[in-house]
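Enquirer: no sequence for this one, just the structure:
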C-alpha cells in the first residue's frame, strides 16, 4: 500500500513537471514568434525607407541624366540624393552672389521638374528638408566665405521660391505649406571641400579640387529620425 502511494506521488509529480514543461515550451514559442514578428516589422520599415531612397535616386537620374552633361548643366547626382551644380562660371561672378542669367535659365528648367518629382504622393511624406547649399573653396578668409556662400544660397532660395509660388498655387494648401517648410538655405564656406573624385577631402585625405569645391547643391534630406523612432517603438511594443 505504501509503495503504491509512493508510485502515485511520483506519477503525479511527473505529470506536473510534464505539464509545466509544455506550458514553458508554449511560452517560449510564443515569445520567439513575437520577437520574429517585431524583427520582420523593423526590417520592413528599414526596407521601405531604403527602397524610397533608391526609387527617388533612379527617378532623379532618369529625369535629369541628359541635362547633367558637362556641356549643358555640368551637374552630378550623388547617391545621398544631392544634385551638385559645378560650373562656377555660369553660377555667379567672382566674389558675387547675384545669380547669373545662365544659372537662372538652368533653374527655370531644373526646379519645376525637380519639384514635380518630390511632390509625388510616394515621396512627399518621407521628405524632411530640401537644402540649398552654398560651398566655396578653401582660398580666402573662412568667415568671409561663410557670408558669401550664405548670400549665394539665399539668392537661389529667393529665386526658386518665386517659381514655387507659381508652381504650387493650384496644389492643396497643406502641400504649399509643406514645400515652404522643406526649403532651407545653408552656406558652408569651405567646410566641405571636394577632391577630384567628388568626395569630401576631410574623409578622403586627398588634395582639394578647387573648381569642384565651388558649387551649389540641392540636397534632399529624408525623415531618418522618424524611421528610427518607429523602429524603437515597434521593438518596445
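Expert: Everything's here; your move. From a predicted model like this one, the values you see are computed outputs, not experimental measurements.
Enquirer: quick one: low-confidence ranges for the chain?
Expert: Within the chain, the segments meeting pLDDT under 70 span 1-15, 19, 35-46, 225-237.
Enquirer: which stretches of it form helices?
Expert: 2-64, 88-91, 101-118, 121-124, 142-167, 173-182, 201-204, 210-213, 224-236 (DSSP state H).
Enquirer: mind putting those helices in TSV, mean neighbour count and distance to residue 193 included?
Expert: The way it works is simple: take the backbone N, C-alpha and C, and place the C-beta from them, glycine included. Converted to TSV, the helices of the chain look like this (neighbours: other C-beta atoms under 10 Å; distance: least, C-beta to C-beta, whole Å):
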stretch	mean neighbour count	distance to residue 193
helix 2-64	12	24
helix 88-91	18	14
helix 101-118	16	21
helix 121-124	12	30
helix 142-167	17	11
helix 173-182	14	26
helix 201-204	13	5
helix 210-213	18	4
helix 224-236	13	25
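Enquirer: now the ones you listed in a markdown table, with distance to residue 78?
Expert: Listed next are these as a markdown table, based on distance: least, C-beta to C-beta, whole Å:
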| stretch | distance to residue 78 |
| --- | --- |
| helix 2-64 | 9 |
| helix 88-91 | 18 |
| helix 101-118 | 15 |
| helix 121-124 | 17 |
| helix 142-167 | 18 |
| helix 173-182 | 19 |
| helix 201-204 | 13 |
| helix 210-213 | 12 |
| helix 224-236 | 16 |
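Enquirer: Nearest to residue 134, out of those?
Expert: The closest of the helices of the chain to residue 134 is helix 142-167. By C-beta to C-beta, the value is 3.5 Å.
Enquirer: helices or strands up against the closest one?
Expert: helix 101-118, strand 127-135, helix 173-182, strand 183-187, strand 215-222 (3 or more C-beta pairs under 8 Å, 6 or more residues apart in numbering; DSSP states H and E).
Enquirer: can you list the domains in the chain?
Expert: 2-40, 44-228 (automatic domain parsing).
Enquirer: Now do the longest one: distance to the chain's middle.
Expert: This points to domain 44-228. Chain-centre distance of domain 44-228: 12 Å, with C-alpha atoms, centre = their mean, to the nearest Å.
Enquirer: returning to that earlier point: so which of the helices of the chain gets nearest residue 80?
Expert: The nearest among the helices of the chain, by C-beta to C-beta, is helix 2-64 at 8.9 Å.
Enquirer: What residues of stretch 187-194 count as buried?
Expert: 187, 188, 189, 190, 192, 193, 194 (16 or more other C-beta atoms under 10 Å).
Enquirer: how near is the fourth one to residue 94?
Expert: Going back to what we said before, that points to residue 190. The gap separating residue 190 from residue 94 is 16 Å, by C-beta to C-beta, to the nearest Å.
Enquirer: now swap in the second one and tell me
Expert: Residue 188 sits 19 Å away from residue 94 when distances are taken as C-beta to C-beta.
Enquirer: swap in the last one?
Expert: Residue 194 sits at a distance of 19 Å from residue 94 (criterion: C-beta to C-beta).
Enquirer: again with the third one
Expert: Spatial separation of residue 189 from residue 94 under the definition C-beta to C-beta is 16 Å.
Enquirer: Check the first one too.
Expert: Computed as C-beta to C-beta, the residue 187 to residue 94 distance reads 17 Å.
Enquirer: same deal with the fifth one?
Expert: Computed as C-beta to C-beta, the residue 192 to residue 94 distance reads 21 Å.
Enquirer: re earlier: with distance to residue 152 as extra columns, can I get the helices and strands packed on helix 142-167 in CSV?
Expert: Formatted as CSV, the helices and strands packed on helix 142-167 follow (distance: least, C-beta to C-beta, whole Å):
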stretch, distance to residue 152
helix 101-118, 10
strand 127-135, 4
helix 173-182, 19
strand 183-187, 7
strand 215-222, 7
